[in-house]
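Student: What would the 3D arrangement of this be:
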Amino acid sequence: MAVEEKRAWAMAITAVVGYAAYVLIVLLGADGRPLVEAPYAGALLWTIVFGIVVGIVSGIWFGIAARDDGMQVDERDREIGRFGDHIGQSFGVIGGVSAMALAVFEAPHFWIANVLYLCFVLSAVLGSVAKIFAYRRGMA
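Tutor: Numbering: from 1, shown residues only. Coordinates of the predicted model:
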């Protein structure tokens, strides 16, 4: 398995686990109140920081392992990386536009923050899945 494919798997898993933990923390924190009143900022920040740290550590770890095995990133890896990034970026744009629309309609901060976070997670997962499929099935 190519090192970039391993990184894509790590990013997808980290994004899903981090977001699932966030949703669970917010739902438990709501404690019968409306979601808008649930404390979310701390959980949001900690799960984002967790995802960033795990991404950096896994990237370093896979990079060291690949270097020790003599594996190098080639043109195919770079092309698949660009392909996955372009696919994933669509949700970044969707999240930005959605958050802007929510702000214009003066939605609570809870919903603006959550739509941005969800779209960032979907961007990471969709981009990673596109990379994994490109590695497994090839690019047509």
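
Student: what's the neighbour count on Leu45?
Tutor: Using other Cβ atoms under 10 Å, Leu45 is surrounded by 11 other residues. All C-beta spots, glycine's among them, are computed from the backbone N, C-alpha and C.

Student: quick check: mean pLDDT across stretch 119-126?
Tutor: Average pLDDT, stretch 119-126: 96.

Student: For the remainder of this discussion, apply numbering that starts at 16.
Tutor: Yep, numbering from 16; the last one is stretch 134-141 now.

Student: So what's the gap between that stretch and the chain middle?
Tutor: 4 Å (Cα atoms, centre = their mean, to the nearest Å).

Student: Give me the contact list for that stretch.
Tutor: 26-27, 29-31, 33-34, 102-107, 109-111, 113 (Cβ atoms under 8 Å, 6 or more residues apart in numbering).

Student: element containing the closest residue to Phe98 other than its chain neighbours?
Tutor: Excluding its sequence neighbours, the residue lying closest to Phe98 (Cβ to Cβ, 6 or more residues apart in numbering) is Ala149, at 5.8 Å. In this structure, Ala149 is located in helix 124-152 according to DSSP states H and E.

Student: Kindly report the same for Arg22.
Tutor: Here Arg22, judged by DSSP H and E, is contained in helix 18-45.

Student: Pull out the buried residues from that helix.
Tutor: Residues 18-27, 29-30, 33-34, 37-38, 40-41 are the ones in helix 18-45 that count as buried (16 or more other Cβ atoms under 10 Å).
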